[in-house]
Structures are given as structure tokens and as C-alpha cells.
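In: pasting a predicted model and its sequence here:
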Amino acid sequence: MSTTKFTGVIPPVVVPDTDDRRLDVASFERSINRMIDAGVDGLFFLGSSGEVVFSTDGRRRQVIEEGIRIVDHRVPVFVGIIDTETERVIEHGRRAQELGADVLVATAPFYALGGMCEVEEHFRILHEELDLPIFAYDIPVCVHTKLPWKLLAKLGAEGVLAGVKDSSGDDVSFRYLVQENEKLGHPLTLLTGHEIVVDGAYLGGADGSVPGLANVDPDGYVRQWKAAQAGDWATVKAEQDRLNEISHIFDVTSGVQGYAGGVGAFKTALHLMGVFDSPQMPRPVKALEGENVEAIRKVLANNGLL
């Protein structure tokens with residue numbers, strides 16, 4: 001499948017649980033269909049928002065199988081094959097291929113940390129061993145390695161990588177990567193995961209976005225992408241400003257951090273909106289409660305989402 005199909009809005013899918021922490025298939029289907037109906041261009045399963053690092057092999061398989069069944073070829077399916085080291089990543093990649101993924105997404109190794117020589121070799125091995133397009137996931141806050149833009153451009157030019165999902169928060173590096181990618185003939189599809197400044201990434205030349213907030217408001221991100229394609233930058237900015245008001249679901253809570261405040265806010269919002277039946281989180285993370293739920297409810301109400 002040509003990488004030209006992997007552009008636009010590709011949300012990282014938040015995965016719902018029942019109160020007893022089983023996959024809530026009905027809520028999963030409701031959320032996926034809601035995003036596809038809004039016009040998203042793909043879906044990314046088992047990313048950070050999809051709780052990949054909390055998931056056992058059995059859970060990963062179930063998420064992929066159910067996700068691919070529900071999507072039913074309507075949009076491309078990205079699958080995260082994220083794990084500590086290369087051999088484990090290859091195992092996940094082979095399983096995702098067998099189950100019908102369109103694109104594989106991998107980070108740098110993140111336990112036995114090495115240097116850039118090892119990181120480069122990691123991606124080269126994945127390219128040799130796996131048969132699908134591979135996107136590098138640049139998320140140093142979680143894996144403690146920043147993928148240098150020069151290395152990413154090099155691996156793109158050589159056909160090792162098909163694209164990059166940039167969640168580094170390093171807008172300077174991403175901008176340099178966009179420019180270098182153009183000089184090389186655009187071998188990489190470049191997607192920003194920096195959902196608060198998607199407008200700036202599009203203006204700089206990004207090929208799309210991977211915004212977790214699109215689980216909550218997919219229509220806004222789709223409208224923004226279409227406006228960018230039309231060169232309507234005033235609308236692109238206006239949509240970003242509106243979406244950023246919704247993003248305050250992340251910062252109106254207190255006493256929580258990390259997954260509890262991030263993915264927990266997504267799940268709470270989706271529960272309040274009737275998309276998820278439960279805001280349950282994976283152990284040991286607790287679902288948001290009390291005043292934190294009410295604070296998120298107020299943000300949603302103020303922005304017309306309830």
C-alpha cells in the first residue's frame with residue numbers, strides 16, 4: 001500500500017475497559033465508528049493513548065483483532081509494535097502483520113539503552129524482518145531517546161522508514177525534518193502528535209496529525225485538515241484555538257499525573273459524552289473521580305460537547 005494513503009488525521013485510539021478491566025467491545029465499536037463517520041483518514045491502535053505498554057500479548061491481539069474487524073477496511077490501520085528491545089518488537093510486528101495491519105509503528109528501544117548506532121540498527125533490522133511500512137515513533141519522554149532528524153531523514157531516503165510520528169515536542173527538530181524530507185523528494189510521511197499546535201505543523205509542511213484529542217472531537221480535527229488542504233489558514237487556526245479550549249480537560253484536574261491525567265481525562269470525557277460505558281483505567285492507574293470528573297464535565301459543557 002502506498003504511503004501516500006497515510007496522510008491526514010489518524011487518531012491514536014483510546015481503548016475502553018469494562019469496570020472489571022476487560023475490553024469493552026461495544027464501547028470500542030461505538031468510538032471507532034464515531035471517528036470514521038467524522039471522516040478521519042486512519043486509526044492508530046496500541047499507541048501511548050491505546051495503553052500499549054499496559055497490554056499483555058493477549059490483550060494486544062484482542063485489540064488488533066477487534067479493531068481491524070470494526071474498521072473493516074474503511075481506513076488504514078496503524079498498529080504499535082512498541083516494546084523494550086528489538087526481538088520483542090519483531091514478534092509484535094509479525095503478529096500485527098498476520099492479523100491484517102497496514103502500517104507498523106515502533107519506538108527506539110527503551111530498556112537496555114544504547115547509542116545512535118544501536119537505534120539505527122534497530123530500525124534497519126525491523127525493515128529487514130517485517131513486510132509492512134514502518135513508522136518511527138519519536139517520543140523521548142517515554143523511551144528516553146530523541147530520534148535525530150538527520151537519522152530519520154537518512155533512513156527515509158534509504159527506504160528503511162516510511163514515515164515518522166513525532167511526539168517529541170521538539171518543534172525545531174520537526175521543522176528541520178520537514179525541510180530535509182522535501183530536499184530528499186519527500187520519502188517520509190511526517191505526522192505530528194503535538195495536538196495543541198497542529199496548525200503550525202501543517203503550515204510547516206506536516207502530512208497529517210495523530211491527535212489523541214480526536215477521540216473526543218474528531219470532527220474538529222477533520223475540519224482543520226480539510227481547511228489546511230484548501231489553504232484556508234484562518235480556519236486552520238480557528239479550529240486549533242477551539243480544540244485547545246477542549247484540551248483543558250488535561251489541566252483542570254488536580255492530584256493526578258501521567259496516564260491518570262492524560263488518558264484518564266480522555267476516558268472520563270468519553271464516558272461523560274456517552275461514548276464509553278466506563279472510564280476504567282488499567283492497573284495500577286485509577287480512574288478519575290469526584291471533583292476531577294466535574295471539572296472535565298464543565299470543560300465539555302462549555303465547549304458544546306455535552
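Out: Arrived safely, thanks for sending. Numbers count the residues shown, from 1 in each chain.
In: tell me which stretches of this protein form strands.
Out: Counting by DSSP state E, the chain has strands at residues 8-9, 43-45, 77-80, 103-106, 134-138, 163-166, 189-192, 208-209.
In: packing partners for the fifth one?
Out: What it means is strand 134-138. The contact analysis (3 or more CB pairs under 8 Å, 6 or more residues apart in numbering; DSSP states H and E) places strand 134-138 against strand 103-106, helix 116-129, helix 149-157, strand 163-166. Glycine gets a C-beta too; all of them are placed from N, C-alpha and C.
In: the inter-axis angle of the third one versus strand 134-138?
Out: Relative orientation of helix 149-157 with respect to strand 134-138: 170 degrees, computed using axes from the mean of the first three to the mean of the last three CA atoms, to 10 degrees.
In: so residue 192 sits against residue 174, correct?
Out: Yes: between residue 192 and residue 174 there is a contact at 6.7 Å, judged by CB atoms under 8 Å.
In: if we can go back for a sec, so which of the helices and strands packed on strand 134-138 comes closest to residue 62?
Out: Taking CB to CB, strand 103-106 is the member of the helices and strands packed on strand 134-138 nearest to residue 62, at 18.0 Å.
In: each with direction, which strands does the closest one pair with?
Out: Paired neighbours of strand 103-106 in the sheet (DSSP bridges): strand 77-80 (parallel), strand 134-138 (parallel).
In: and among the ones you listed, the most buried is which?
Out: Neighbour counts (mean count of other CB atoms under 10 Å) averaged over each of those peak at strand 77-80, with a mean of 29.
In: can you tell me what sits against that one?
Out: Outside strand 77-80, the residues within contact range by CB atoms under 8 Å, 6 or more residues apart in numbering are 6, 10, 42-47, 50, 52, 64, 67-68, 71, 96, 99-106, 135, 137.
In: can you turn the buried part of the residues you listed into a ChimeraX selection?
Out: The buried subset of those, as determined by 16 or more other CB atoms under 10 Å, is captured in ChimeraX by this line:
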select :6,10,42,43,44,45,46,47,50,52,64,67,68,71,96,99,101,102,103,104,105,106,135,137
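In: hang on, the earlier thing: turn the strands paired with strand 103-106 into TSV, including mean pLDDT.
Out: TSV is the format used below for those (pLDDT from 0 to 100):
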stretch	mean pLDDT
strand 77-80	98
strand 134-138	98
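In: could you dump those strands to CSV with distance to residue 158?
Out: CSV is the format used below for those (distance: least, CB to CB, whole Å):
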stretch, distance to residue 158
strand 77-80, 22
strand 134-138, 12
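In: right, and those strands - which one's nearest residue 221?
Out: Closest among the strands paired with strand 103-106, using CB to CB: strand 77-80, at 15.7 Å.
In: from the middle of its chain, how far away would the closest one be?
Out: 9 Å (CA atoms, centre = their mean, to the nearest Å).
In: against residue 166, how distant is residue 65?
Out: Note on residue 65: its distance to residue 166, by CB to CB, to the nearest Å, is 28 Å.
In: helices and strands of the chain: which one has the lowest mean pLDDT?
Out: Counting by mean pLDDT, DSSP states H and E, the weakest-scoring helix or strand in the chain turns out to be helix 258-261, with a mean of 91.
In: residue 17 contacts residue 283, correct?
Out: No: here residue 17 does not reach residue 283: they are 10.2 Å apart, not a contact under CB under 8 Å.
In: between those two, who's got more neighbours?
Out: Between residue 17 and residue 283, residue 17 has the larger neighbour count (other CB atoms under 10 Å), namely 22 against 8.
In: burial measure for the closest residue to that one other than its chain neighbours, as a count.
Out: Distance criterion CB to CB, 6 or more residues apart in numbering; nearest residue to residue 17, sequence neighbours excluded, is residue 280 at 4.1 Å. By other CB under 10 Å, 21 other residues sit near residue 280.
In: pLDDT at residue 280, what is it?
Out: You'll see residue 280 listed with a pLDDT of 98.
In: now residue 3
Out: At residue 3, pLDDT is 55.
In: residue 194: neighbour count?
Out: Counted with other CB under 10 Å, residue 194 comes out at 20.
In: measure it to residue 284 for me?
Out: Distance from residue 194 to residue 284, by CB to CB: 28 Å.
In: now residue 161
Out: Distance from residue 161 to residue 284, by CB to CB: 34 Å.
In: with residue 147 instead?
Out: The value you get for residue 147 to residue 284, if CB to CB is used, is 29 Å.
In: equivalent analysis for residue 126, please.
Out: Distance from residue 126 to residue 284, by CB to CB: 31 Å.
In: same drill for the two, tell me which one is more crowded.
Out: residue 126 (21 against 8).
In: so what's that one scoring on pLDDT?
Out: Confidence score, pLDDT, at residue 126: 98.
In: got a list of what it touches?
Out: Residue 126 sits in contact with 86, 89-90, 93, 104, 106, 134, where contact means CB under 8 Å, 6+ apart.
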